[in-house]
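In: give me a 3D structure for the following:
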Amino acid sequence: MPGSGKSTIGRLLAHKMGLPFFDLDEVIVEQEGASVSSIFSAKGEGYFRQVESECLKKVTSQNEIFVMATGGGSPCFHDGIDWMNSHGKTIFIDVATDTLIKRTAQQEERPLLKTNPTERIHKLYQERLSTYQKANVQAQADQLNPEEIVELLIKAVNT
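Out: Numbering: from 1, shown residues only. A predicted model of the protein is given here:
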């Protein structure tokens, strides 16, 4: 979900495990030469989701062992969760919607949260939860700091 800490935790996890880190949104921005918000505005969500899927598959195919923070929608479109599960271990960082709302309240660069962000967070969570629950590892992260989450995840992915 937007605001769950995917990029922060992913970077820290990769560092602790000595692995390369990829932020899928950053890969898309580099490829497209435009911000995620600009892509959404100029070409629409459908185009963005297609590019996102292609970049996910490209990075996954070109790298053997790594940590990646995907966008919150990546698992939900173009069979993303199935692709990720078949090419590695997936992690769902589960954070309460109230926490997500607080974390994303001042972030204007999130295209899916531009209008009615509180309502949108609740709706996205409900729409995406069944897909997120297909992840190999599910971490309840509300009461933990990033370092604690990373330690929990290292244990989970190494079992």
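In: any idea how far residue 59 lies from residue 16?
Out: Computed as CB to CB, to the nearest Å, the residue 59 to residue 16 distance reads 20 Å. Using the backbone N, CA and C atoms, a C-beta is placed for each residue, glycine as well.
In: neighbours of the closest residue to residue 140 other than its chain neighbours, how many?
Out: Of all residues not flanking residue 140 in the chain, residue 94 sits nearest, at 5.3 Å (CB to CB, 6 or more residues apart in numbering). Other residues within reach of residue 94, judged by other CB atoms under 10 Å, total 17.
In: now do the contacts for residue 4.
Out: Applying CB atoms under 8 Å, 6 or more residues apart in numbering to residue 4 gives the contacts 72, 93, 94, 95, 100, 141.
In: what are the buried residues along the lowest-mean-pLDDT helix or strand in the chain?
Out: The least trusted helix or strand in the chain, going by mean pLDDT, DSSP states H and E, turns out to be helix 97-104, with a mean of 87. Residues of helix 97-104 classed as buried by neighbour count (16 or more other CB atoms under 10 Å): 97, 99, 100, 101, 103, 104.
In: can you list the residues you listed in CSV and add distance to residue 85?
Out: As requested, the buried residues of helix 97-104 are exported to CSV (distance: CB to CB, whole Å):
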residue, distance to residue 85
97, 25
99, 26
100, 23
101, 29
103, 26
104, 27
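In: out of those, which is nearest to residue 42?
Out: Nearest to residue 42 among those: residue 104, at 22.4 Å, using CB to CB.
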